[in-house]
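Novice: One predicted model, sequence on top.
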Amino acid sequence: MTGSTVLRARGLTRQYGRDTGLVRAVDEVDLDVPTGQVLAIMGPSGCGKSTLLHLLGGLQRPTDGEIWLADHRIDTMSERALARLRRQHIGFVFQSFHLMDELTAVENVELAALLAGQSPGRARKRAMHLLDRVGLADRARHLPSALSGGQRQRVAVARALSNDPLVVLADEPTGNLDSAATLEVLRLFEELRTAGQTLVVVTHDARIAAVADRVITMRDGAFADDSRLVNNATATGTVYGGWR
Ligand SMILES: Nc1ncnc2c1ncn2[C@@H]1O[C@H](COP(=O)(O)OP(=O)(O)OP(=O)(O)O)[C@@H](O)[C@H]1O
């Protein structure tokens, strides 16, 4: 279920440090992510996965290169415009959830919808709808501290969807979860994929990668491998078809 390019990078480069201690965390990367694609980015620790994801989401600035989200060129955008674009068009999921501890599950999702510019009535309705979609309608009024890790991450996914994002960017979303909770998130990602949600996920977990349409393996800041699944994968059930 892929179409036009929603995320595009050209010559994307991010250096850290200066002179002698220079690290090219992302090194002249070109990337096109079509609408509806689920892309997994893998590779050894320190190869540049998180830095790439942060650049794509406008959380960090590149040293060089261009990034486009749909028609928006983000590498040259002002901080203010970039913050608005993130709120309105990108969903983020982080390893450590980043939920607001003092807000209930529904309030966490609702706040993101409000910040994206939705009216209070619509934001509450959408938050409830999304919590239902991630199977947590009955936990809507619980604080994050009263939820399991898997449930917290599902709230975080609901929050990431609150602005009906062009793309969801997930950084090690199962990194803090046990096997059962990982499975909950996997099922959710499979549903997102079926729904045509564009998703870029950095992961060390081969089960997450098996849900993806495409797996890029990075090494030393560059793409060492870029493979697409021929048939649909369902990591929680069906055996998938193979690679091309
Ligand atoms: N703020 C920083 N300052 C200096 N170097 C950094 C900084 N952030 C990352 N790096 C370096 O950039 C390289 C890529 O780091 P990055 O976190 O993107 O890798 P990663 O593949 O996501 O690693 P991991 O799987 O361990 O999270 C590494 O060599 C890292 O040490």
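Specialist: Great, that's in hand.

Novice: mind listing the helices for the protein?
Specialist: Ranges of helices in the chain, per DSSP state H, are 49-56, 79-89, 105-115, 120-133, 149-160, 179-194, 206-209.

Novice: In CSV, list those along with mean neighbour count and distance to A70.
Specialist: Placement of C-beta: from N, CA and C, glycine included. Shown next, in CSV, are the helices of the chain (neighbours: other Cβ atoms under 10 Å; distance: least, Cβ to Cβ, whole Å):
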stretch, mean neighbour count, distance to A70
helix 49-56, 24, 13
helix 79-89, 15, 8
helix 105-115, 23, 20
helix 120-133, 17, 21
helix 149-160, 25, 17
helix 179-194, 19, 18
helix 206-209, 19, 25
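
Novice: Can you read off the pLDDT for the residue nearest to G91 when sequence neighbours are not counted?
Specialist: Residue nearest to G91 in three dimensions, not counting chain neighbours: A160, with 3.0 Å by Cβ to Cβ, 6 or more residues apart in numbering. Here the pLDDT value assigned to A160 is 97.

Novice: What residues does A160 make contact with?
Specialist: Contacts here follow Cβ atoms under 8 Å, 6 or more residues apart in numbering; on that basis A160 touches 91-93, 112, 168, 170.

Novice: Up against the ligand, what does the chain have?
Specialist: Within the chain, the residues that sit near the ligand (Cβ under 6 Å from any ligand atom) are 16-17, 23, 25, 43, 45-51.

Novice: List just the nearest of those to A156.
Specialist: Using Cβ to Cβ, S50 comes nearest to A156 of those, at 16.6 Å.

Novice: gap between the closest one and R14?
Specialist: The gap separating S50 from R14 is 11 Å, by Cβ to Cβ, to the nearest Å.

Novice: Without its sequence neighbours, what residue ends up closest to the residue minimising distance to the centre of the chain?
Specialist: Nearest residue to the geometric centre of the chain (Cα atoms, centre = their mean): L169, 1.7 Å. Spatial nearest neighbour of L169, excluding adjacent residues (Cβ to Cβ, 6+ apart): G57 at 4.7 Å.

Novice: same question, E184
Specialist: Nearest residue to E184, sequence neighbours excluded (Cβ to Cβ, 6+ apart): G150, at 4.0 Å.

Novice: what sits against that neighbour?
Specialist: Here G150 is in contact with 177-178, 180-185 (Cβ under 8 Å, 6+ apart).

Novice: Save the residues you listed as TSV, and put in distance to D205 and pLDDT too.
Specialist: Compiled in TSV, those are given as follows (distance: Cβ to Cβ, whole Å; pLDDT from 0 to 100):
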residue	distance to D205	pLDDT
L177	9	92
D178	12	92
A180	14	91
A181	12	91
T182	7	93
L183	11	92
E184	13	90
V185	9	91
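
Novice: quick check, nearest of these to I74?
Specialist: I74 has its nearest neighbour among those in V185, at 27.0 Å by Cβ to Cβ.

Novice: who are the neighbours in contact with the closest one?
Specialist: Residues near V185 by Cβ under 8 Å, 6+ apart: 150, 153-154, 157, 173-174, 177, 208.

Novice: any idea how far A81 lies from G11?
Specialist: Relative to G11, and taking Cβ to Cβ, A81 is found at 22 Å.

Novice: Ok, T194 next?
Specialist: Taking Cβ to Cβ as the measure, T194 falls 34 Å from G11.

Novice: thought R152 was touching L99?
Specialist: Yes - R152 lies in contact with L99 (Cβ atoms under 8 Å); the separation is 6.1 Å.

Novice: what do those two both touch?
Specialist: Common neighbours of R152 and L99 (criterion: Cβ under 8 Å, 6+ apart): P144.

Novice: who are the neighbours in contact with D178?
Specialist: Contact analysis of D178 by Cβ under 8 Å, 6+ apart lists 149-150.
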